[in-house]
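In: Kindly return the folded structure for what I paste below:
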Amino acid sequence: MDVVSSDVDDALDARRAGALLAESGGGARKIGVELEMSLLQAESLEPATFEGPHGIERVLEALLARGGYRGEYEGEHLIGLTGVNGEAFSLEPGGQIEFSTAPLDTLAEVDAALHERTAEVARIAEGVGLYLLGGGIVLHGAEGVPWVPKGRYRIMRDYFASLGEAGHLGHTMMQRTLSLQISLDFADAADAMDLLRITLLAAPAATALFACSPFDGFREVECASLRAKAWLYTDPSRAQDVPGCTAPGATIDDYAAYALDAPMMFRVRDGKYLPMQGASFRAAMERGSWPDGRPVTSADWWAQLGSIFTNARLKRGVIELRSTDGQRPEDLGVVSAFWVGLLYDETSRAEARALLGQVAPEAHARALQQAPCVGLRDPDLRAQALALVELAQAGIERRVAAGLEAESSLGALANTLARARAGVTPAAALLEGWRGEWNRDPRQLVAALRYPTS
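Out: Reported below is the predicted structural model:
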C-alpha cells in the first residue's frame, strides 16, 4: 500500500531510526494479507484500461458506491479505497487491484475475508465486462498494459529505467506481477530480527513452493515464477536480501542502517510524491533537513521503510513477507497458513531457525538466484521446502489444539504438502493443464485463474 507522509511530525534524530522501528512493535500476533489481482477484458482478453465504461476505475467506483469505504483520489481519478473496518483497495502500476485485509486473529477469518472480497470484486468486474484473475503474473505481454495515473509510479518507472541492466525488468515487475504478501506482528527488536532472519533465509524455498507464474502473456517461459525473476532485475539495492541481516547476531540497527543507505526514489511533501533520484536519506537525516529546508521527520522514515522491496521487510509494527507469487483461486489460503504455522508457533519457529541456520551464505545466495527458474528441481531446495512445509503443518496443528485456530485450518496446507513431497509447484499444475486438456487455449488458462463470483 502507498505510504503518505505528513510534514507535521516529530523531527527524526539520526540515532533514533532503529529504536523508532523497534518501539512500533506490540506483538498482538495478528495476520494481514495483501492480495494482488489482475483484470482482463472478457471479450478480447486484453488488459483492462483505467478509464472508460469497461475500465478499472468503474470497478473502484462500484465498490465505493456499496458503502463502507472512503475514496482515495489523485487529481480527479479514484485510485483507492479505505474501509471503515481496516480493509483497503489500491492500484498497482499496471492496473492490478490490491486488496488488503484488516489485521485478523485467525486463518479462518483471513480465508473468509479473501473469499468474500474476491467474489464481490469478481461480480462487479464481470458486470463491466472484465474477468478478475489470480496467479502470479498478468496474462498479457508487455505491450498494451496500461499505466495507472499515479505520480509515485511515474517516478519509480523512471528510477528503475535509470539503473540500466540491473533494472531492466523493473517495468515487468511494476506492470504485470501479482504477489500474495503476508504481514505478521513483531513484539520488539529481538522478535523483529528473529522473524526477519528466518523469513529471508526461507524466501527461496517459499518462492519455489508457491511458484505460479510460468507464462509471459500466453507464452510459456522457462521460469516457474516469472514474478520472482523480475525482482532479480528490478533494483539490487532494495530487493531480494537485506545484506547482513541473515547473519546471527544482526540487530535492528543493522536493518535501519540498510534502509538509511537505500537510494531514495521519492519523498512525500504535502501529500505529493517528489523524485529524489537516488539521494541519500542518511545524509538528509544527519543534516536534519531536506534541500528545500523542510525538517526530516519520523513520517519520512516510515515512508522510506515502505520503499524497501526485499523478500521480507520491517515496517511499523509488522514484518511483511513478500517472496511468494499470487496463487490460483483455490489456493488462496495456503501462503498465510504456511507463514503463520511456521512463525506463530514457537516450536516450529525454533526448528525452522535451526534448519535454516545450517545453510551456508553462498548456498543461500545461489538459491535466491535459482529459485525462480530451477525451483523444486534443485534437490537441496526441494528438501528444505518440504521440511518447512512439514514444520508449518505441525505448527497449525498445535495452534488448533490450543484453540488459536479453527479445525477447518488443518487442511489448508494439505495440497501444498503433497505437492512438495512430489516436487510439484502450482506452476507445474498450470503447465500440465495448458499442455494437456486445455490444448494451449488461452481461455482455458483464464478460466483456471478466474475468481468465482460466489
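
In: other SSEs contacting the longest helix seen in the chain?
Out: The helix of greatest length in the chain, counted in residues with DSSP state H as the criterion, is given as helix 379-401. Other helices and strands packing on helix 379-401, by 3 or more C-beta pairs under 8 Å, 6 or more residues apart in numbering; DSSP states H and E, are helix 189-209, helix 334-343, helix 346-357, helix 361-370, helix 414-422. For every residue, glycine as well, the C-beta is placed using N, CA and C.

In: got JSON lines for those, with mean pLDDT and distance to Gln96 too?
Out: As requested, the helices and strands packed on helix 379-401 are arranged in JSON lines below (pLDDT from 0 to 100; distance: least, C-beta to C-beta, whole Å):
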{"stretch": "helix 189-209", "mean pLDDT": "98", "distance to Gln96": "19"}
{"stretch": "helix 334-343", "mean pLDDT": "98", "distance to Gln96": "17"}
{"stretch": "helix 346-357", "mean pLDDT": "98", "distance to Gln96": "31"}
{"stretch": "helix 361-370", "mean pLDDT": "96", "distance to Gln96": "24"}
{"stretch": "helix 414-422", "mean pLDDT": "94", "distance to Gln96": "24"}
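
In: Any idea which of the ones you listed gets closest to Tyr233?
Out: With distances scored as C-beta to C-beta, the stretch of the helices and strands packed on helix 379-401 nearest to Tyr233 is helix 361-370 (11.1 Å).

In: correct me, but Glu397 touches Leu410?
Out: Yes. With contact defined as C-beta atoms under 8 Å, Glu397 reaches Leu410; the gap is 6.6 Å.

In: tell me which residues in the longest helix of the chain are buried?
Out: Buried residues in helix 379-401, counting neighbours by 16 or more other C-beta atoms under 10 Å, are found at 381-382, 384-400.

In: so where do the helices sit in the stretch 51-200 of the chain?
Out: In the stretch 51-200 of the chain, the helices defined using DSSP state H, counting those that start in this stretch lie at 56-65, 107-127, 151-161, 170-176, 189-209.

In: what sits against the closest residue to Phe338 other than its chain neighbours?
Out: Counting by C-beta to C-beta, 6 or more residues apart in numbering, the nearest residue to Phe338 once its immediate chain neighbours are dropped is Ala392, at 4.8 Å. With contacts defined as C-beta atoms under 8 Å, 6 or more residues apart in numbering, Ala392 is in contact with 337-342, 348, 413.

In: give me that answer again for 7 Å
Out: Ala392 makes contact with 337-338, 341-342, 348, 413, according to C-beta atoms under 7 Å, 6 or more residues apart in numbering.

In: pLDDT score for it?
Out: In the prediction, the pLDDT value recorded for Ala392 is 98.

In: just Ala448 next, same as before
Out: Note for Ala448: predicted pLDDT of 98.

In: right, and it touches Gly433 too?
Out: Yes. In this structure Ala448 lies within contact range of Gly433 using C-beta atoms under 7 Å: 6.1 Å.

In: Run a quick neighbour tally on Glu351.
Out: By the other C-beta atoms under 10 Å criterion, the neighbourhood of Glu351 contains 18 residues.

In: unless I'm mixing things up, it is touching Leu391, no?
Out: Yes. Under the criterion of C-beta under 7 Å, Glu351 is in contact with Leu391, at a separation of 5.4 Å.

In: Which neighbours do those two have in common?
Out: With the criterion set as C-beta under 7 Å, 6+ apart, the contacts of Glu351 and Leu391 do not overlap.

In: Would you agree Leu274 is in contact with Trp290?
Out: No. Under the criterion of C-beta under 7 Å, Leu274 is not in contact with Trp290, lying 9.0 Å apart.

In: Comparing the two, which shows the higher neighbour count?
Out: In this comparison of Leu274 against Trp290, neighbours counted by other C-beta under 10 Å, the higher total goes to Trp290 at 20 against 14.

In: Which of the three states applies to the closest residue to the more buried one other than its chain neighbours?
Out: Counting by C-beta to C-beta, 6+ apart, Ala284 is the residue found nearest to Trp290 once chain neighbours are left out, at 5.5 Å. Here Ala284 takes the helix state, with states given by DSSP: H, G, I helix; E, B strand; the rest coil.
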